[in-house]
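In: model this:
(one chain, ligands or ions: 2)
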Amino acid sequence: MTPQEILQHHFGYASFRKGQEELITHLLDGQDVLGIMPTGAGKSICYQVPALLLPGMTVVISPLISLMQDQVNALRENGVPAGCLNSAMDDADYRETLRRIRRGEVRILYAAPERLETQHFLSLCQETEIPLVAVDEAHCVSQWGQDFRPSYLKIAEFLEQLPRRPVIGAFTATATKEVAEDIVRILGLQQPFRVTTGFDRKNLFFGIEQPRDKFRALVEIIRAHPDTAGIVYCLSRKLVEQVTADLQALGISATRYHAGLSDEERRKNQDDLLYDRVSVMVATNAFGMGIDKSNVGFVVHYNMPKDLESYYQEAGRAGRDGSKADCILLYNGSDVRLNQFLIESSGRNEKLPEEVQQRIRQQDEERLKRMTFYCTQTGCLRHYMLRYFGETSGQYCGNCSRCLANYEELDISEAALKILSCIYHLHKRKLYYGVNALTDILRGKETEKTERYRFPETLSTFGILQDVSEAQCRDIIRFLLAEEWLTLSGKYPVLTLDRNSARLLQERPTLIMHIQKETQPPRAAAKAVPADIDDSLFQKLRAVRKEIAEREHVPPYVVFTDAALQDMCRKLPVSDMAFLSVSGVGHVKLEKYGTAFMDIIRAHKTT
Ligand code: ADP
Ligand code: ZN
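Out: Ligands and ions are numbered 1, 2, ... in the order given. Sure, this is the predicted structure:
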């Protein structure tokens with residue numbers, strides 16, 4: 001079979017997504033690969049398809065044992081002989097898996113990195129033909145990343161001890177250059193073929209709200225998404241507890257997750273979400289890595305997270321099956337201070353030299369600053385975010401709260417020149433100001449300070465923007481910061497000029513800023529079910545799916561994703577051929593579930 005045929009036969013997908021086919025082809029040709037793709041882009045397919053085409057057993061190294069069983073179940077549902085070995089299994093299961101491996105019946109084996117260090121596992125791998133090792137969440141090897149795992153450092157050693165070096169595929173959603181270089185170096189990838197797909201997730205709506213009452217806003221968001229699950233991220237355990245309790249008191253089906261709970265409770269609460277037994281998970285950032293629940297319809301950040309990397313990763317857990325989903329951040333200025341505090345009090349890593357620690361801290365602060373701009377600047381959120389990750393995009397996405405907020409265009413080219421020249425004249429006098437103080441100067445507001453420096457008489461740019469409102473003046477400065485025409489630096493951040501500023505003064509480009517007409521924050525309020533779907537049929541299909549999932553002891557999305565059910569609602573298949581054309585239906589699922597679902601569709605058609 002060709003990769004394309006495997007994709008259709010086992011996974012029921014008609015075509016590869018961006019990047020998948022190239023990565024697969026190179027792996028099959030024996031070349032190492034590094035795939036950097038956002039959450040939900042479909043990284044797993046990139047090693048699962050080659051695993052089925054290569055002889056022997058592919059080993060997948062994955063950090064979270066609590067989720068391995070789900071991944072294995074999902075593969076088995078598609079008729080792929082998969083297995084896992086980890087410390088959470090009971091003896092009988094463990095031995096049975098070993099037997100299956102020895103008989104050559106396991107084509108894809110999931111293992112936690114800790115496993116690689118055990119002699120027993122090593123011997124097993126030395127006796128087995130291993131053509132491919134896939135390293136999932138590969139950024140865990142890097143100390144720059146936020147999920148560093150020391151056990152990932154042992155992967156290279158493990159590979160060296162195999163009789164034949166397998167081809168290696170490394171996959172991650174973390175984009176920074178340092179992390180990518182660490183992955184290549186530490187895993188010992190040999191001239192890897194690299195794919196970095198675009199980071200944009202078009203199906204996600206991004207919103208920023210600044211509500212007076214966050215909890216009320218949260219409840220509204222949850223109520224606007226009745227048929228889907230959601231995740232609410234909070235910055236502290238205490239807040240998780242409180243929000244969960246308050247939601248439950250309103251009769252909302254919610255559960256909690258943070259590092260202070262017992263393993264048992266964490267596992268149970270996570271399963272409740274995966275199995276659609278509760279609809280809202282309130283959690284700290286401890287929740288989510290490796291969770292591939294595909295039907296998360298919204299992610300709310302109750303606090304602004306510490307950086308855009310975390311934000312994009314966490315928000316990205318929404319809409320993994322490609323359905324429309326909402327990512328909403330409830331911003332409040334106090335979140336900035338809270339994060340600042342967390343950075344300052346974060347545990348020091350004694351193993352690192354002082355200067356490295358200092359660099360890390362500086363980097364953290366810089367990232368926090370960029371995260372804050374994301375919330376306060378008024379341009380397209382998607383544009384800002386993609387730009388942060390080094391991608392270019394239009395200034396307008398039409399699918400974020402800023403774009404939807406009815407903007408009007410304002411030519412600020414002139415104002416920008418005035419602002420920069422004012423800063424320049426102040427610098428000449430060795431005077432440095434932050435956004436608010438500069439706004440006062442630009443608008444000619446007389447304060448004790450302006451008097452002391454005799455600005456009205458001595459500064460030609462004093463009051464140069466007196467016709468611009470205070471709010472707009474600040475917005476223009478923030479826009480210049482977000483677009484990197486200006487910098488903020490220092491402990492008490494002050495505005496400074498840099499090379500870009502010089503360029504602006506010289507080249508005088510036209511600068512257009514979009515300003516908000518209304519103050520009402522819009523929300524996509526994406527209904528979980530798209531308008532062209534017959535909701536009553538969709539609900540019936542969900543009900544059968546739930547029954548089947550319970551019987552098979554797997555999460556419902558492992559049987560079919562919401563996207564697959566919606567495709568059924570569109571195509572209304574009542575023959576095997578038609579059922580196979582549904583996205584996400586391969587041969588095994590047709591055989592196992594075709595009848596049950598087609599019966600419902602047939603009955604629905606005749607009513
Ligand atoms: P991630 O990159 O985050 O690991 P996954 O591998 O979990 O993403 O894939 C996300 C979702 O996309 C899964 O439901 C998967 O089955 C689906 N998917 C992957 N490849 C394709 C494809 N070529 N066509 C349609 N759906 C796909
Ligand atoms: Zn936008």
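
In: and stretch 378-397, how far apart are its ends?
Out: Distances were taken as Cα to Cα, to the nearest Å; on that basis the terminal residues of stretch 378-397 are 13 Å apart.

In: could you list the buried residues of that stretch?
Out: By 16 or more other Cβ atoms under 10 Å, the buried positions in stretch 378-397 come out as 378-389, 393, 397. The way it works is simple: take the backbone N, C-alpha and C, and place the C-beta from them, glycine included.

In: between which two of those residues is the distance greatest?
Out: Of all pairs drawn from these, the widest gap by Cβ to Cβ lies between Thr378 and Phe389 and measures 20.1 Å.

In: on that earlier part again, show me which of the buried residues of stretch 378-397 is closest to Ile24.
Out: Minimum separation from Ile24 among the buried residues of stretch 378-397 (Cβ to Cβ) is found for Phe389, which lies at 24.4 Å.

In: could you measure from the closest one over to Thr97?
Out: Counting by Cβ to Cβ, to the nearest Å, the gap from Phe389 to Thr97 is 39 Å.

In: if we check ligand 2, which of the buried residues of stretch 378-397 are in contact?
Out: With Cβ under 5 Å from the ion as the criterion, those include 380, 382, 397 near ligand 2.

In: tabulate these (TSV), appending secondary structure and pLDDT.
Out: Formatted as TSV, the entries for these read as follows, by DSSP: H, G, I helix; E, B strand; the rest coil; pLDDT from 0 to 100:
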residue	secondary structure	pLDDT
Cys380	coil	91
Arg382	helix	95
Cys397	coil	88
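
In: how many neighbours does the closest residue to Ala325 other than its chain neighbours have?
Out: The spatially closest residue to Ala325, leaving aside those adjacent along the chain, is Gly319, at 3.1 Å (Cβ to Cβ, 6 or more residues apart in numbering). Gly319 has 29 neighbours, counted by other Cβ atoms under 10 Å.

In: show the backbone phi and psi for Ile328.
Out: Dihedral angles of Ile328 (phi, psi; degrees, to the nearest 10) stand at phi -120, psi 130.

In: can you name the residues bridging to it?
Out: With DSSP bridges as the criterion, Ile328 is bridged to Gly207, Val300.

In: and the pLDDT at it?
Out: What the model reports as pLDDT for Ile328 is 97.

In: the one 10 residues further on now?
Out: Model confidence at Leu338, given as pLDDT, is 91.

In: quick one: contacts for it?
Out: Neighbour list for Leu338: 235, 303 [criterion: Cβ atoms under 8 Å, 6 or more residues apart in numbering].

In: confirm it sits in a strand?
Out: No: according to DSSP: H, G, I helix; E, B strand; the rest coil, Leu338 belongs to no strand; its state is helix.

In: tell me how far the residue lying farthest from the centre of the chain lies from Ile441.
Out: Most distant from the centre of the chain: Glu457, at 52.7 Å, with distances by Cα atoms, centre = their mean. If you measure Glu457 against Ile441 using Cβ to Cβ, the figure is 14 Å.

In: what of His587?
Out: His587 sits 71 Å away from Ile441, going by Cβ to Cβ.

In: likewise Pro50?
Out: Applying Cβ to Cβ to Pro50 and Ile441 gives a distance of 62 Å.

In: so where's the stretch 301-450 of the chain shaky on pLDDT?
Out: By pLDDT under 70, the weakly predicted segments of the stretch 301-450 of the chain are 347-350, 406-407.

In: stretch 390-399: end-to-end distance?
Out: Counting by Cα to Cα, the length from the leading to the trailing residue of stretch 390-399 is 20 Å.

In: secondary structure element for Ala41?
Out: If you go by DSSP states H and E, Ala41 is not part of any helix or strand.

In: roughly how far is stretch 129-137 from the heart of the chain?
Out: Relative to its chain's centre, stretch 129-137 lies at 24 Å (Cα atoms, centre = their mean, to the nearest Å).

In: other residues contacting it?
Out: Applying Cβ under 8 Å, 6+ apart, the set of residues contacting stretch 129-137 is 27, 43-44, 46-47, 50-51, 54-63, 141, 147, 152, 155, 159, 162, 164, 166-172, 187, 289-290.

In: residue contacts, Ala82?
Out: Contacts of Ala82 were listed using Cβ under 8 Å, 6+ apart, and they are 71-72, 75-76, 106-110.

In: how about these in CSV, adding distance to Leu204, neighbour count and pLDDT?
Out: Rendered in CSV, the data for those read as follows (distance: Cβ to Cβ, whole Å; neighbours: other Cβ atoms under 10 Å; pLDDT from 0 to 100):
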residue, distance to Leu204, neighbour count, pLDDT
Gln71, 23, 22, 87
Val72, 28, 21, 92
Leu75, 26, 24, 94
Arg76, 30, 16, 93
Val106, 36, 25, 96
Arg107, 33, 19, 97
Ile108, 29, 23, 97
Leu109, 33, 27, 97
Tyr110, 28, 26, 96
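
In: enumerate every residue touching Ser346.
Out: If you count contacts by Cβ under 8 Å, 6+ apart, then Ser346 has Asp364 around it.
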